[in-house]
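Asker: Kindly generate the corresponding structure for this input.
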Amino acid sequence: MEMTYRILNEYEVCDLYACLKAEDILWAIFPDVPDMSEDQFLADMQRDDVYALGGFIDGYLAGCLTVRPFDGANTQCAEVGVTALRRYFPVAAPLCRGALIKAAEDLHPASFIGRVAVPNIHVIRMLSRVGFKKLCRIPGLVYYGRKSNYVDGYLVLATPESVRLSEGA
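Answerer: Next up is the predicted model:
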């Protein structure tokens with residue numbers, strides 16, 4: 001199984017949207033937007049401050065990592081969002097790790113931070129396998145469109161080093 005990574009072009013972003021919508025997992029990449037349109041998705045993924053990296057397995061789109069400056073600030077902390085297509089859930093951790101390593105090589109962040117809804121136990125478990133640690137639990141941190149309410153969330157943090165070290169774990 002060969003994993004490769006590249007910045008998604010407009011056509012691949014549209015394909016990603018169609019796959020996420022068909023698999024009913026669009027909420028996983030944008031949990032705060034309950035029913036994002038294709039135009040909204042395309043506009044957000046192609047903003048100048050968004051690095052949208054596709055992960056491919058044997059040439060097929062398997063998932064996506066988005067990276068943007070944390071809280072829109074001038075910072076070396078990169079806020080990440082990750083998703084894998086259902087077929088690739090069993091290899092989500094190595095797919096994510098490879099994407100984070102590629103992003104670290106391209107962008108040189110000091111750290112990666114993420115916001116994860118507490119109910120997303122599978123994502124939390126996967127992120128712990130790729131070098132992320134829970135920083136804190138914040139009441140009402142995220143709007144969870146899937147349930148149409150605010151839920152507690154974790155801030156999770158990794159460094160490029162912790163991601164690289166997680167490979168042997």
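
Asker: from here on, contacts and neighbour counts on C-alpha atoms
Answerer: Fine.

Asker: For stretch 15-35, give me every contacting residue.
Answerer: 36, 38, 41, 61, 63, 81-83, 85-86, 142-146, 148 (C-alpha atoms under 8 Å, 6 or more residues apart in numbering).

Asker: Which neighbouring elements make contact with the lengthiest helix in the chain?
Answerer: Determined from DSSP state H, the single longest helix within the chain is helix 92-107. With contacts defined as 3 or more C-alpha pairs under 8 Å, 6 or more residues apart in numbering; DSSP states H and E, helix 92-107 has these neighbours: strand 3-7, strand 51-57, strand 60-69, helix 121-128, helix 160-165.

Asker: now for the ones you listed, which one comes closest to residue 13?
Answerer: Across the helices and strands packed on helix 92-107, residue 13 has its closest neighbour in strand 51-57 (8.6 Å, C-alpha to C-alpha).

Asker: Tell me who's in contact with the most centrally placed residue in the chain.
Answerer: The structure's the chain has its C-alpha centroid closest to residue 82; by C-alpha atoms, centre = their mean the separation is 1.5 Å. Applying C-alpha under 8 Å, 6+ apart to residue 82 gives the contacts 28, 29, 63, 64, 65, 66, 96.
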